[in-house]
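Chemist: Provided below are the primary sequence and the corresponding predicted coordinates.
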Amino acid sequence: MVSSAQLETIEAAYPLDYYRPAWPLRVGIFLFTWLGLGLGGGSFSFLFLNSSPFIAGAIFCLLSFGALELMIKEQRFYHCGADNALLYSGLSAAIVLVFYAFNKTGAHYTDFSLGNQALALPLLLVLALLVVAVLRYADALVTVAAFATLLLLVVIVSAQSSIGLALLPFLVMSTAAGSLALYRALARRMAGTALADYYASCLLVLKVLALAVFYLGGNYLVVREGNAELHHLPTSEQVPFAVVFYFFTAGIPFLYIVLGLRRADRPTLLMGLLALAFSLFTLRHYRSLLPPEIAAVLAGAVLTMAAGALLRALRPARFGLTSLPDDEPRHFNLENLIQAQTAHAPGAPAAGSFEFGGGQTGGGGATGQF
């Protein structure tokens, strides 16, 4: 075990210059901050909302971001709960102000149907606001909101014409592919820098969402049922280019699995396995061969046996793959490394500090000196 003295030495050598408590405490701080903001915002709106709603919302937004910046600079808060609550409240107020300002122009910006092309401009401003917030605060949830806003923009723009609706699955897949290209470019540019750690959660969220949307955009079930919803059909019908979506449904999961294995990329591998499971569900949804209970039992038995066989076959590693946990290498002891780095070795005696001589012996004819 690492002693308290060694722990103090480690903390002195590598100080933590920001405040981020354990996640249960972060959740509690977030809830209390959100409750306080709700009470304060309610009282504030009660005083000023009837006279000037826009000014009241603008002041609340500025106060939220001002308090957030003050906490970051003075208290060194970093995703500790309070700063997250202030960020979400400030962004929510800013988004409401955007739609409120556009709605005052007379357009129907409160109609959130996909056919309302008037939503494109305010959503574009909201997307820009969310991207700036991601760049400044590196929040994963804001990254999810920005990606969802981008997809909503693509759907709304495509829904304005019959050609756009026909090409909607391919446009969604192209958007996801562009997001993956953006992820790879950013990951390569930030590799080995402090920004890689700062934006790690945002990049991971962007990658996972892009992989999921790229698959779902070409999945046959999603395309067919989505087409029925967009055209208000009572039952779904066979879609054009169905063979292409059959190919996407079957091929994309195996592509993810192969890429995940070749690159040792766990998120891609897990997304491939999830996509494969959803592809099997898609097949069963339209082509049922067995009763659900029998199919579930057989699938569970096959997967259990396959998992056990792979666990035995990949221990030790084969073909660059292993079932051993990668976070606990067998020939590496973190505790010993910390102790070796922090333990103080005894100082070596200085040269010439200890010399023989000056002593005398007597008896037995010994008259020498040492």
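Modeler: Great, that's in hand.

Chemist: Would you check that Ala138 makes contact with Cys202?
Modeler: Yes: if you go by CB atoms under 8 Å, Ala138 and Cys202 touch, sitting 5.4 Å apart. Where you see a C-beta, it was placed from the backbone N, CA and C, and this is true even at glycine.

Chemist: what does the domain assignment say about the protein?
Modeler: 12-106, 111-214, 219-291 (automatic domain parsing).

Chemist: Worst mean pLDDT among the ones you listed?
Modeler: Lowest mean pLDDT within the domains of the chain: domain 12-106, a mean of 82.

Chemist: what separates that one from the chain centre, distance-wise?
Modeler: In terms of CA atoms, centre = their mean, to the nearest Å, the centre of domain 12-106 is found 21 Å from the chain centre.

Chemist: circling back: tabulate the domains of the chain in a markdown table, adding columns for distance to Arg312 and mean neighbour count.
Modeler: Output for the domains of the chain, formatted as a markdown table (distance: least, CB to CB, whole Å; neighbours: other CB atoms under 10 Å):
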| stretch | distance to Arg312 | mean neighbour count |
| --- | --- | --- |
| domain 12-106 | 35 | 15 |
| domain 111-214 | 30 | 17 |
| domain 219-291 | 18 | 15 |
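
Chemist: Which of those domains sits closest to Met305?
Modeler: domain 219-291 (16.2 Å; CB to CB).

Chemist: what's the span of the closest one from first residue to last?
Modeler: When the termini of domain 219-291 are compared using CA to CA, to the nearest Å, they are 23 Å apart.

Chemist: Compute the distance from the centre of that domain to the centre of its chain.
Modeler: Going by CA atoms, centre = their mean, where domain 219-291 is centred and where its chain is centred differ by 23 Å.

Chemist: separation between Tyr100 and Leu127?
Modeler: 18 Å (CB to CB, to the nearest Å).

Chemist: Please read the previous query as pertaining to Leu216.
Modeler: As judged by CB to CB, Leu216 and Leu127 stand 20 Å apart.

Chemist: For my notes, confirm Val258 occurs in a helix.
Modeler: Yes: checked against DSSP: H, G, I helix; E, B strand; the rest coil, Val258 lies within a helix.

Chemist: Point me to the helix or strand that includes the closest residue to Ala82 other than its chain neighbours.
Modeler: Distances taken as CB to CB, 6 or more residues apart in numbering place Thr33 nearest to Ala82, at 4.5 Å, with adjacent residues excluded. Here Thr33 sits within helix 23-48, counting by DSSP states H and E.

Chemist: Which neighbouring elements make contact with the strand or helix carrying Pro122?
Modeler: For Pro122, the host element (DSSP H and E) is helix 120-137. In terms of contacts (3 or more CB pairs under 8 Å, 6 or more residues apart in numbering; DSSP states H and E), helix 120-137 is packed against helix 82-103, helix 140-158.

Chemist: Looking at these, which is nearest to Thr175?
Modeler: Judging the helices and strands packed on helix 120-137 by CB to CB, what sits closest to Thr175 is helix 140-158, at 5.2 Å.

Chemist: Contacts for that closest one next, please.
Modeler: Here helix 140-158 makes contact (CB atoms under 8 Å, 6 or more residues apart in numbering) with 84, 87-88, 91, 114, 116-117, 119-120, 123-124, 126-127, 130-131, 133-134, 164-165, 167-168, 171-172, 175, 179, 201-202, 204-206, 209-210, 213.

Chemist: And the helices in the stretch 251-370 of the chain, which stretches?
Modeler: Taking DSSP state H, counting those that start in this stretch, the helices of the stretch 251-370 of the chain run over residues 266-286, 292-313, 334-342.

Chemist: and those helices as TSV, adding distance to Ala58?
Modeler: Listed next are those as TSV, based on distance: least, CB to CB, whole Å:
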stretch	distance to Ala58
helix 266-286	40
helix 292-313	55
helix 334-342	51
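
Chemist: Out of those, flag the one nearest Leu324.
Modeler: Minimum separation from Leu324 across those (CB to CB) falls at helix 292-313, 9.8 Å.

Chemist: circling back to that earlier point, could you point out which of the helices and strands packed on helix 120-137 sits nearest Arg263?
Modeler: Nearest to Arg263, of all those, is helix 140-158, at 22.4 Å by CB to CB.

Chemist: Pull the distance from the very next helix or strand once past that closest one to the chain's centre.
Modeler: Sequence-wise, the next helix or strand downstream of helix 140-158 (DSSP H and E) is helix 162-166. Here helix 162-166 is found 32 Å from its chain centre; the criterion is CA atoms, centre = their mean.

Chemist: Could you tell me which residues make contact with the residue lying closest to His231 once chain neighbours are set aside?
Modeler: Among residues not flanking His231 along the chain, Leu165 sits closest, at 7.9 Å (CB to CB, 6+ apart). Contacts of Leu165 were listed using CB under 8 Å, 6+ apart, and they are 158-159, 230-231.

Chemist: now the most centrally placed residue in the chain: how far from Leu180?
Modeler: Centroid check for the chain by CA atoms, centre = their mean gives Val205 as the closest residue, at 3.0 Å. From Val205 over to Leu180 the distance is 13 Å, taken as CB to CB.

Chemist: One more: Ala187?
Modeler: For Ala187 relative to Leu180 (CB to CB), the value is 10 Å.

Chemist: Next: Phe54.
Modeler: Per CB to CB, Phe54 is found 39 Å from Leu180.

Chemist: who are the neighbours of the helix or strand following the helix holding Thr33, in terms of helices and strands?
Modeler: Under the assignment DSSP H and E, the closest C-terminal helix or strand after helix 23-48 is helix 53-70. If you count contacts as 3+ CB pairs under 8 Å, 6+ apart, helix 53-70 packs onto helix 23-48, helix 82-103.

Chemist: so which of the ones you listed gets nearest Ala277?
Modeler: Minimum separation from Ala277 across the helices and strands packed on helix 53-70 (CB to CB) falls at helix 23-48, 28.8 Å.

Chemist: Appreciated, that's everything.
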